[in-house]
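In: attaching a predicted model along with its sequence, questions to come.
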Amino acid sequence: QLQLVESGGGLVQPGGSLRLSCTTVGFSLDYYAIGWFRQAPGKEREGVSCISARDGNNTYYADSVKGRFTISRDNAKRMVYLQMNSLKPEDTAVYYCAADGDCTVVAGTDYWGQGTQVTVSS
């Protein structure tokens, strides 16, 4: 059973930064693309970023976060990170990580974490 666990959420002021972490339980991260998604109250879930499997050479970002968020991975530590800078109130949401073989299919995966709340407010 693939399990993912997110951490790092919290309350931050506009313009601040947070780093989210996604780790895997019971399986190696190496062969999985990892995507970050978010869902705000009353809104549909949206894709935020994705990093390709293995060496993570390919990364993808939603237009709304380009230039502010950076995704990275450390396979040895079984960790994927989402560095979020210049946070805005509209970034407020529950953030989820998900795993699948490729970024093109990760949105349809069965393997999701439980989510971590990010709140951007003064």
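Out: That came in fine, so what should we check first?
In: residues touching Gln117, list them.
Out: Going by Cβ atoms under 8 Å, 6 or more residues apart in numbering, Gln117 touches 9-10, 93-95. All C-beta atoms are positioned from the backbone trio N, CA, C, and that covers glycine.
In: and the helix or strand harbouring Arg38, what's buried?
Out: Taking DSSP states H and E as the criterion, Arg38 maps to strand 33-39. The neighbour-count check on strand 33-39 (16 or more other Cβ atoms under 10 Å) flags 33-38 as buried.
In: mind putting those residues in a markdown table, pLDDT and distance to Gln3 included?
Out: A markdown table is the format used below for these (pLDDT from 0 to 100; distance: Cβ to Cβ, whole Å):
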| residue | pLDDT | distance to Gln3 |
| --- | --- | --- |
| Ala33 | 97 | 17 |
| Ile34 | 97 | 13 |
| Gly35 | 98 | 16 |
| Trp36 | 98 | 17 |
| Phe37 | 98 | 17 |
| Arg38 | 98 | 20 |
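In: now the contacts of Gln117: which count as buried?
Out: 9, 93-95.
In: from the residues you listed, which is closest to Asn75?
Out: Tyr95 (20.9 Å; Cβ to Cβ).
In: strands paired with the strand holding Arg38, and their directions?
Out: Next to strand 33-39 in the sheet, as set by DSSP bridges, lie strand 46-51 (antiparallel), strand 93-100 (antiparallel).
In: wait, what's in contact with the residue lying closest to Ser122 once chain neighbours are set aside?
Out: Closest residue to Ser122 apart from its sequence neighbours, by Cβ to Cβ, 6 or more residues apart in numbering: Gln13 at 5.3 Å. Shown in contact with Gln13 (Cβ under 8 Å, 6+ apart): 120-122.
In: so what's the closest residue to Leu18 other than its chain neighbours up against?
Out: What sits nearest to Leu18 in space, not counting adjacent residues and going by Cβ to Cβ, 6+ apart, is Met84, at 5.0 Å. For Met84, the contact set (Cβ under 8 Å, 6+ apart) comprises 17-20, 65, 68-69, 91, 118.
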